[in-house]
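> I need the structure of the sequence given here:
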Amino acid sequence: MTKSDLEARFEKWLPKQVGENKDAEVFIYYGGHGAPDPNTNQAFMVPYNGDPAYLETSAYSLTRLYEVLGKLPAKNITVVMDSCFSGAGGRSVIQKGARPMLIKVENPLMASQNMVVLSAAAGNQISNAMPEKRHGLFTYYFLKGLQGEADANKDGGVDVEELYAYMKPKIETEARRMNAEQSPQLLPGVDLLGERSKLKLIELKK
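Residues are numbered from 1 along each chain as shown. Now for the predicted structure:
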């Protein structure tokens, strides 16, 4: 996808699909490169033809994404990000000559009552790959969790809290085996999610 593709999907297609439906459930998964803008301290999703030296014109900012999502009247919005934004490697890129940086990808809109964001790594970390599994480390355990391994209470479904509790230690342990540090992030935190922590991401087939 290009930047214009992302704009079209998020800002035109998605609002039309949701319309005025307050019972709508929105799920967004992004697996790809991210980049920090050292001038504005903003994080960007970088499409295949994006240029880290010209993020404003060739990439799509997370701030813009959350502003668009925050306007939707949906019942709940779940955003899953297998990307990183430090510029330190992995799924993160940075303009030539710039230094990796700690960048916070939180946004006040993510504290809204209908949004949950699950991201692959902390702001100063990279999102590692598992070449032998043909997945990112985060995505591999995300999918394993949704297949039922995260169903801790065996109620036939996987909710946000269960998935995060399952993924976090497995990703941290596997990353250390790779001589790396990677801790998935849940925003807002479990202590602030309230009822959203029980949001079912999938109902398992019996």
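> downstream of the worst-scoring helix or strand of the chain on mean pLDDT, the next helix or strand is which one?
Lowest by mean pLDDT, DSSP states H and E among the helices and strands of the chain is helix 190-193, with a mean of 68. Under the assignment DSSP states H and E, the closest C-terminal helix or strand after helix 190-193 is strand 200-203.
> just checking, what packs against that next one?
The elements that strand 200-203 packs onto, with contact taken as 3 or more CB pairs under 8 Å, 6 or more residues apart in numbering; DSSP states H and E, are strand 157-159. Quick note: C-beta positions are derived from backbone N, CA and C, even for glycine.
> and stretch 49-60, how far apart are its ends?
12 Å (CA to CA, to the nearest Å).
> what does stretch 11-27 give?
Stretch 11-27 has an end-to-end distance of 15 Å (CA to CA).
> pLDDT on that stretch, on average?
For stretch 11-27, mean pLDDT rounds to 93.
> where are the low-confidence patches of the protein?
86-112, 131, 133-134, 189-192, 205-206 (pLDDT under 70).
> middle-most residue in it, spatially?
With distances taken as CA atoms, centre = their mean, the residue of the chain nearest its centroid is residue 81 (1.8 Å).
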